[in-house]
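Q: have a look at this fold, sequence not included:
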Ligand SMILES: [Zn+2]
C-alpha cells in the first residue's frame with residue numbers, strides 16, 4: 001500500500017500565492033507594489049495588468065490552486081531566508097517576502 005498523507009493532520013488549503021487560480025501576476029511586475037496612481041497614470045498598463053497579460057503559471061501549487069497546509073511553513077521559511085539574505089547584503093528589495101518568489 002502506498003503511504004498516504006493524513007489529510008486531517010495536513011489538509012489541503014487554497015494556495016496563498018495564486019489564491020486558488022493556478023496562475024498569478026508575475027511578481028516582477030507587481031511585488032514592489034502597484035498603486036491606483038500607477039494605473040491612473042498608465043491606463044494601457046492597467047488594462048494589460050487586469051487582462052492577465054502578466055500572469056504566469058503558479059509554481060507553488062503546480063497550477064492546482066491548492067497546497068498542503070504544511071507547505072505554508074516552507075514558504076514562510078523561504079521568504080524569511082530571502083529577507084535575511086537581503087539584509088545581510090545591505091540591500092532591500094520590495095516584495096522579497098512575496099510567496100510567489102519561492103520557486
Ligand atoms: Zn498557486
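A: That came through, no problem. Keep in mind that what you see is a predicted model, and the values were worked out from it rather than measured. Numbers count the residues shown, from 1 in each chain.
Q: flag every buried residue along stretch 9-27.
A: By neighbour count on 16 or more other CB atoms under 10 Å, the buried set for stretch 9-27 is 15, 16, 17, 18, 22, 24, 25, 27. The C-beta positions use only the backbone N, C-alpha and C, and glycine is treated the same way.
Q: and what of stretch 83-98?
A: Across stretch 83-98, burial judged by 16+ other CB under 10 Å covers 96, 97, 98.
Q: please apply the same query to stretch 23-41.
A: For stretch 23-41, by 16+ other CB under 10 Å, it's 24, 25, 27, 30, 31.
Q: picking that back up, of the buried residues of stretch 9-27, list those near the ion.
A: For the ion, the contacts drawn from the buried residues of stretch 9-27 by CB under 5 Å from the ion are 15, 17, 18.
Q: rewinding a little: can I get the buried residues of stretch 83-98 in JSON lines with secondary structure?
A: Shown next, in JSON lines, are these (DSSP: H, G, I helix; E, B strand; the rest coil):
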{"residue": "96", "secondary structure": "coil"}
{"residue": "97", "secondary structure": "coil"}
{"residue": "98", "secondary structure": "coil"}
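Q: which residue is the nearest non-sequential neighbour of residue 56?
A: In space, and not counting its chain neighbours, residue 56 is closest to residue 26: 5.0 Å by CB to CB, 6 or more residues apart in numbering.
Q: could you list which residues are in contact with that neighbour?
A: If you count contacts by CB atoms under 8 Å, 6 or more residues apart in numbering, residue 26 has them with 54, 55, 56.
Q: out of those, which are buried?
A: Buried subset of the contacts of residue 26 (neighbour count, 16+ other CB under 10 Å): 54, 55.
Q: from the contacts of residue 26, which land in strands?
A: Among the contacts of residue 26, the members found in strands (DSSP state E) are 55, 56.
Q: show me which residues of this protein sit near the ion.
A: 15, 17, 18, 58, 60, 61.
Q: may I see the buried residues of the strand or helix carrying residue 45?
A: For residue 45, the element it lies in under DSSP states H and E is helix 43-51. Residues of helix 43-51 classed as buried: residue 49 (neighbour count, 16+ other CB under 10 Å).
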